[in-house]
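Q: I would like the atomic coordinates for the input below:
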Amino acid sequence: MARFDAANAEDPRREPVDGEPQPRELVYAQRMTAALDRFAPDAPEAVRLAARCQHIRRWTIPRDRYPAGRDGYRRWRTDLGRFHAETAAEILREVGYDEATVVRVGALLRKERLKADPDVQLLEDVICLVFLQHYLADFAAQHDDEKLTDILRKTWRKMSDRGRAAALQIDLPDGLRALVRRAVGGATSA
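A: Have a look, this model is predicted:
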């Protein structure tokens, strides 16, 4: 975890946390770990590792290097998954993890067999919960309701029933709560 954090601490982009600017991807990694601890405190070690390095060194492959639109976005996300898996594998090998763990973390980071693999689904649920809790408000401010509704519907579809139930417990401002409710068909009556 310390090696993952050191890599993410190099992020030149900053995010304020308690009034202090922090490396953005380090903050994200810490939020992922905290969300996993709340949602699945007994999660397997491979999931814990994957959660901590899910965006490792992400800033090195910016979205604007890829074509605009859906195909460019998908290619960027696929390339990121491979990059995160390769970067994590290098670190995991250097600190002495066995090859089975290295391979498993890579599969989790590439989101192989989402919906079929419970650990991949667990990681995806945590990713979605972190997005909703920490990033939805800023995302909403940058996009119109139609785009936001589409993203929220896609997010909701990726989550398990247990993940959705946890999402309903997130304290969102009324405007965002109403938008989420509309996007997912009233399922957010919490």
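Q: what about the most centrally placed residue in the chain, is that helix, strand or coil?
A: With distances taken as Cα atoms, centre = their mean, the residue of the chain nearest its centroid is Ile127 (3.2 Å). Per DSSP: H, G, I helix; E, B strand; the rest coil, the local secondary structure of Ile127 is helix.
Q: For the longest helix seen in the chain, what is the distance to the chain centroid?
A: Counting residues, the longest helix found in the chain (DSSP state H) is helix 70-94. On the basis of Cα atoms, centre = their mean, to the nearest Å, helix 70-94 sits 13 Å off its chain's mean C-alpha point.
Q: which strands and helices sit next to that helix?
A: Counting by 3 or more Cβ pairs under 8 Å, 6 or more residues apart in numbering; DSSP states H and E, the packing neighbours recorded for helix 70-94 are helix 2-8, helix 45-52, helix 99-109. Backbone N, C-alpha and C define where each C-beta goes, glycine included.
Q: For the protein, which residues score under the pLDDT cut-off?
A: The model of the chain has pLDDT under 70 over residues 186-190.
Q: Kindly recompute the last result at 90.
A: By pLDDT under 90, the low-scoring segments of the chain are 70, 114-115, 137-151, 168-169, 171-190.
Q: circling back: which ones are touching the residue nearest to the centre of the chain?
A: Residues near Ile127 by Cβ atoms under 8 Å, 6 or more residues apart in numbering: Met32, Gln54.
Q: Including distance to Gln133, could the helices and strands packed on helix 70-94 go into a markdown table?
A: Below are the helices and strands packed on helix 70-94 laid out as a markdown table (distance: least, Cβ to Cβ, whole Å):
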| stretch | distance to Gln133 |
| --- | --- |
| helix 2-8 | 19 |
| helix 45-52 | 14 |
| helix 99-109 | 21 |
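Q: And these: which comes nearest Ala183?
A: For these, the distance to Ala183 is smallest for helix 45-52, at 25.2 Å, taking Cβ to Cβ.
Q: Could you export the closest one as CSV, CA atoms only?
A: The C-alpha coordinates for helix 45-52 follow below in CSV (Å, rounded to 0.1, in the frame of the first residue of the first chain):
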residue,chain,number,x,y,z
GLU,A,45,-6.4,-9.0,0.2
ALA,A,46,-6.4,-8.9,-3.6
VAL,A,47,-9.5,-6.7,-3.6
ARG,A,48,-7.9,-4.4,-0.9
LEU,A,49,-4.8,-4.1,-3.1
ALA,A,50,-6.8,-3.4,-6.2
ALA,A,51,-8.9,-0.8,-4.5
ARG,A,52,-5.8,1.1,-3.3
